[in-house]
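[1] give the three-dimensional model of this entry:
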Amino acid sequence: MKAIQSNLIILLLLLCFVLGCKKEDIQKENKTNIVGTWLLNATSQSNCDDAELNGLQSYECTDDNCTKYIFSSDSTGMNYIKEFIEDGILMTEVGTYSVGESKLTMCVETEDGPECTNFKLALTVSTMNISGKNDETGCTEALYFDKEAQEETN
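    Predicted coordinates:
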């Protein structure tokens with residue numbers, strides 16, 4: 001009987017330890033995994049007020065057309081650069097970001113102060129999906145990214 005009680009106590013302590021650390025561990029992992037360059041490969045729109053807007057579009061980065069997000073984290077903070085190339089013309093957006101368990105907040109500085117957008121975040125080592133509601137169209141929009149492979153240096 002004492003062996004069962006001891007095993008039950010050990011099991012409960014392990015369960016408390018695992019559940020107690022999980023959220024912080026996920027946040028740390030997300031902060032680490034998001035750093036790097038992400039190439040947009042698809043977008044989707046669903047649940048739109050106008051059903052004709054619903055759909056999925058695939059993208060491939062070329063020299064003339066590409067959308068990429070570059071996330072960095074260093075002593076200056078957590079910063080991102082969005083590079084959008086359309087018909088060979090480069091446009092950039094620079095801002096800051098923060099990452100939670102399943103949330104990405106991206107902020108840009110405007111004349112009226114910081115403007116932040118919150119996204120739902122699904123992140124692995126090589127893929128990132130962000131989604132949110134577009135208030136203008138009523139659509140739930142999702143962006144799908146692949147992490148750009150880093151070249152090894154010797």
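
[2] so S126 touches F145, yeah?
    No: applying Cβ atoms under 8 Å, one finds S126 not in contact with F145, separated by 9.5 Å. All C-beta atoms are positioned from the backbone trio N, CA, C, and that covers glycine.

[3] okay, the two: which has more neighbours?
    The neighbour count for S126 versus F145, taken as other Cβ atoms under 10 Å, is higher for F145 (21 against 13).

[4] what's the spacing between the helix or strand hosting the more buried one and its chain's center?
    Using DSSP states H and E, F145 falls within strand 140-147. From the chain centre to the centre of strand 140-147 is a distance of 8 Å (Cα atoms, centre = their mean, to the nearest Å).

[5] stretch 111-127 now?
    The chain centre lies 6 Å from the centre of stretch 111-127; the measure is Cα atoms, centre = their mean.

[6] what does stretch 111-130 give?
    Relative to the chain's own centre, stretch 111-130 is displaced by 5 Å; criterion: Cα atoms, centre = their mean.

[7] C-alpha coordinates for the strand holding F145, CSV please?
    Extracted in CSV, the C-alpha atoms of strand 140-147 (Å, rounded to 0.1, in the frame of the first residue of the first chain):
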residue,chain,number,x,y,z
THR,A,140,-10.0,35.5,-41.2
GLU,A,141,-6.7,35.8,-42.9
ALA,A,142,-3.8,33.4,-42.5
LEU,A,143,-0.2,33.8,-43.8
TYR,A,144,2.0,30.7,-44.2
PHE,A,145,5.8,30.9,-44.2
ASP,A,146,8.8,28.6,-44.6
LYS,A,147,12.0,29.4,-42.8
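
[8] quick check: mean pLDDT across it?
    Confidence for strand 140-147, expressed as mean pLDDT, is 97.

[9] which residues are in contact with it?
    Contacts to strand 140-147, defined as Cβ atoms under 8 Å, 6 or more residues apart in numbering, come from residues 36-47, 69, 125-134.

[10] select only the buried ones of these in ChimeraX?
    Buried residues within these, by 16 or more other Cβ atoms under 10 Å, are selected in ChimeraX with:
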select :36,37,38,39,40,43,44,45,69,128,129,130,131,132
